[in-house]
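In: Prediction below, plus the sequence it came from.
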Amino acid sequence: MSAHQILFTPLTLPCGKVLPNRIVKAAMEENMSGANLLPDHNLFSLYRYWAHGGLGAIITGNVMVDKHAMTGPGGVVLDENSPLAPFVEWSRVMSSGGSLAIMQINHPGRQVFKSVNDYALAPSAVNLQLGRYSKQFAQAREASCDQIYTIIRQFVTTAARAKEAGFDGVQIHAAHGYLLSQFLSPRVNQRNDQWGGCLANRARLLINIVSEVKAKCGNDFALWVKLNASDFQRDGMPPEEAREVVAHLNKLGVDAVEVSGGSYESPAMQGRTGDDAPLSKEAYFADFAAQIAAIAEMPVMTTGGISRLPVATSIIESGCSMVGMASALATTPDLAKKWQENPEYRGVILRCNRKDRTLASLITMSMVRRQLRRLGNDLSTLRNPSELWSLLLDTAHRAKMTRRYKSIVGSRNS
């Protein structure tokens, strides 16, 4: 069977859940929550496009485990107090076309905008270094051991409630410079206790969360982990340590590992790195993912700039079991179906190529989120959205969401 044929065949995960094919919608940050930080009709409309787009699995955007720790003011929160009915409807919509419904669960750590909260928990008091944009982010404060144990309980609670709501599994986000990725990074994690220092200590938080989620949710619930292949920063987590983390995950019954890379400081997930390391023009992390797939005992997926069927096929040929797409599905949510009808069809990856890496990242994200909001309002997407207008619209949307967020939870200043 050719790799092209394999791409459209089912995949059974170790937990027994079955993907109808190997193409997965990877997570994007929508910043589109409804009232009280819950999913509502706009997110249901958006995900309905993907649910009927011919995908094997759909991973939600960030669902936060703590309403006081948000990647953005319009994020969705599922904690012990969240009403479950909106999440039941969300999982129903996502599953309505046969795809597996996977909830990505996350804590931002220090990657929090100051407009949302004045400070943010982190492994160590190491602030983001983004040049003239650094002041836009919250002050990083070192988490105490008690706070770390609270975070573990929050991840477990969110995972258990996702299962109760009908989701097929969760993906624990340990990439892109968010909290679990920060603990893994020697650049950010400068602790000298049991949570810092050697890799075994830096990986302790992730391993504890994975182990406790598995114990709480059982073997019939899919448990995925998203991991950086590298931080793509000097003194960050290198590829050899990523492989060592996967070796630990092999022992814990993890059902899939998604290989990505980068952070706000080094947006490799958009094809640009902070250490000038070369990345592929498409499927940025394919080479790293192939190395991880060689040692992983669970299916491996990679994401990053995939928009063409031949590229997706090459990832399967390299040893990965799944192909993840995000930005291409923001513009063409039924891209997988289009590939089956026309293998030459090319999806659209929105990019800003300005020299200012941080500004380019912000503009790129604003263009993608603009597409998501249009789909959520049942409008057609744009193949060439204006960079400036997208940024202005996103800034206005974020300001509106920030006002609403603060009316709900207020600002945490101590």
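Out: In hand now; what should we look at? Owing to the predicted nature of the structure, the values given are computational and were not obtained by experimental measurement. Numbers count the residues shown, from 1 in each chain.

In: Go ahead and name everything in contact with whichever helix in the chain runs longest.
Out: The helix that spans the most residues within the chain, counting by DSSP state H, is helix 387-409. Contacts to helix 387-409, defined as CB atoms under 8 Å, 6 or more residues apart in numbering, come from residues 31, 33, 36-37, 67-68, 70, 72-74, 113, 115-116, 352, 362-363, 365-367, 369-370, 373. Where C-beta positions appear, they are placed from N, C-alpha and C, glycine not excepted.

In: So which of those are in helices?
Out: Cross-referencing the contacts of helix 387-409 against helices under DSSP H gives 362-363, 365-367, 369-370, 373.

In: Make a markdown table out of the residues you listed and add pLDDT, neighbour count and distance to residue 409.
Out: Formatted as a markdown table, the entries for those read as follows, by pLDDT from 0 to 100; neighbours: other CB atoms under 10 Å; distance: CB to CB, whole Å:
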| residue | pLDDT | neighbour count | distance to residue 409 |
| --- | --- | --- | --- |
| 362 | 87 | 20 | 24 |
| 363 | 93 | 21 | 29 |
| 365 | 90 | 22 | 23 |
| 366 | 94 | 24 | 24 |
| 367 | 95 | 25 | 29 |
| 369 | 95 | 24 | 22 |
| 370 | 96 | 21 | 26 |
| 373 | 97 | 19 | 23 |
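
In: if we can go back for a sec, and the longest helix of the chain, C-alpha only, in PDB?
Out: Below are the C-alpha coordinates for helix 387-409, written out as PDB (Å, rounded to 0.1, in the frame of the first residue of the first chain):
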ATOM      1  CA  GLU A 387      -2.100  42.200   6.900                       C
ATOM      2  CA  LEU A 388      -2.800  45.600   8.400                       C
ATOM      3  CA  TRP A 389      -6.500  45.300   8.500                       C
ATOM      4  CA  SER A 390      -6.300  41.800  10.000                       C
ATOM      5  CA  LEU A 391      -4.000  43.100  12.700                       C
ATOM      6  CA  LEU A 392      -6.400  46.100  13.500                       C
ATOM      7  CA  LEU A 393      -9.400  43.800  13.600                       C
ATOM      8  CA  ASP A 394      -7.600  41.400  15.800                       C
ATOM      9  CA  THR A 395      -6.400  44.100  18.100                       C
ATOM     10  CA  ALA A 396     -10.000  45.500  18.400                       C
ATOM     11  CA  HIS A 397     -11.300  41.900  19.100                       C
ATOM     12  CA  ARG A 398      -8.700  41.300  21.700                       C
ATOM     13  CA  ALA A 399      -9.500  44.600  23.500                       C
ATOM     14  CA  LYS A 400     -13.200  43.700  23.500                       C
ATOM     15  CA  MET A 401     -12.400  40.200  24.900                       C
ATOM     16  CA  THR A 402     -10.100  41.700  27.500                       C
ATOM     17  CA  ARG A 403     -12.800  44.000  28.800                       C
ATOM     18  CA  ARG A 404     -15.200  41.100  29.000                       C
ATOM     19  CA  TYR A 405     -12.600  38.800  30.700                       C
ATOM     20  CA  LYS A 406     -11.900  41.400  33.400                       C
ATOM     21  CA  SER A 407     -15.600  41.800  34.000                       C
ATOM     22  CA  ILE A 408     -15.700  38.100  34.700                       C
ATOM     23  CA  VAL A 409     -12.600  37.300  36.700                       C
END
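
In: For that helix, buried residues please.
Out: Of the residues in helix 387-409, those buried under the neighbour-count criterion (16 or more other CB atoms under 10 Å) are 387, 390-391, 393-394, 397-398, 401-402, 404-405, 409.

In: With stretch 69-86 instead?
Out: The neighbour-count check on stretch 69-86 (16+ other CB under 10 Å) flags 69-79, 82, 86 as buried.

In: Rebuild those residues as a markdown table, extending it with distance to residue 193 and pLDDT.
Out: Formatted as a markdown table, the entries for these read as follows, by distance: CB to CB, whole Å; pLDDT from 0 to 100:
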| residue | distance to residue 193 | pLDDT |
| --- | --- | --- |
| 69 | 21 | 96 |
| 70 | 27 | 95 |
| 71 | 26 | 90 |
| 72 | 31 | 90 |
| 73 | 32 | 92 |
| 74 | 35 | 95 |
| 75 | 30 | 96 |
| 76 | 32 | 98 |
| 77 | 29 | 98 |
| 78 | 30 | 98 |
| 79 | 27 | 98 |
| 82 | 32 | 97 |
| 86 | 39 | 98 |
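
In: Return the member of these nearest to residue 246.
Out: When the buried residues of stretch 69-86 are compared for distance to residue 246 (CB to CB), residue 71 comes out closest, at 24.5 Å.

In: Go ahead and confirm that closest one touches residue 178.
Out: Yes: Residue 71 is in contact with residue 178 according to CB atoms under 8 Å; the separation is 7.2 Å.

In: what touches both of these two?
Out: Common neighbours of residue 71 and residue 178 are listed as 106, 108, 111 (criterion: CB under 8 Å, 6+ apart).

In: Let me know how buried the first one is, in neighbour terms.
Out: Neighbour count for residue 106, taken as other CB atoms under 10 Å: 32.

In: and residue 351, how many neighbours?
Out: Should you count by other CB under 10 Å, residue 351 turns out to have 17 residues around it.

In: actually residue 258, sorry about that
Out: For residue 258, the neighbour count with other CB under 10 Å is 28.

In: go on, residue 317?
Out: Counted by other CB under 10 Å, the residues lying close to residue 317 total 14.

In: quick one, what contacts it?
Out: Taking CB under 8 Å, 6+ apart as the criterion, residue 317 is in contact with residue 3.

In: Would you check how far apart it and residue 58 are?
Out: Taking CB to CB, to the nearest Å as the measure, residue 317 and residue 58 are separated by 24 Å.

In: Check residue 156 too.
Out: As judged by CB to CB, residue 156 and residue 58 stand 23 Å apart.

In: Phi first, then psi, for the closest residue to residue 196 other than its chain neighbours.
Out: Leaving out its chain neighbours, the residue that sits closest to residue 196 by CB to CB, 6 or more residues apart in numbering is residue 189, at 4.9 Å. The main-chain torsion angles of residue 189 are listed as degrees, to the nearest 10 and equal phi -90, psi 100.

In: show me the residues around residue 189 that make contact.
Out: Shown here is residue 189, whose contacts under the criterion CB under 8 Å, 6+ apart are 123-124, 182-183, 195-196, 202.

In: Tell me which of the shared contacts of residue 71 and residue 178 fall in strands.
Out: Among the shared contacts of residue 71 and residue 178, the members found in strands (DSSP state E) are residue 106.
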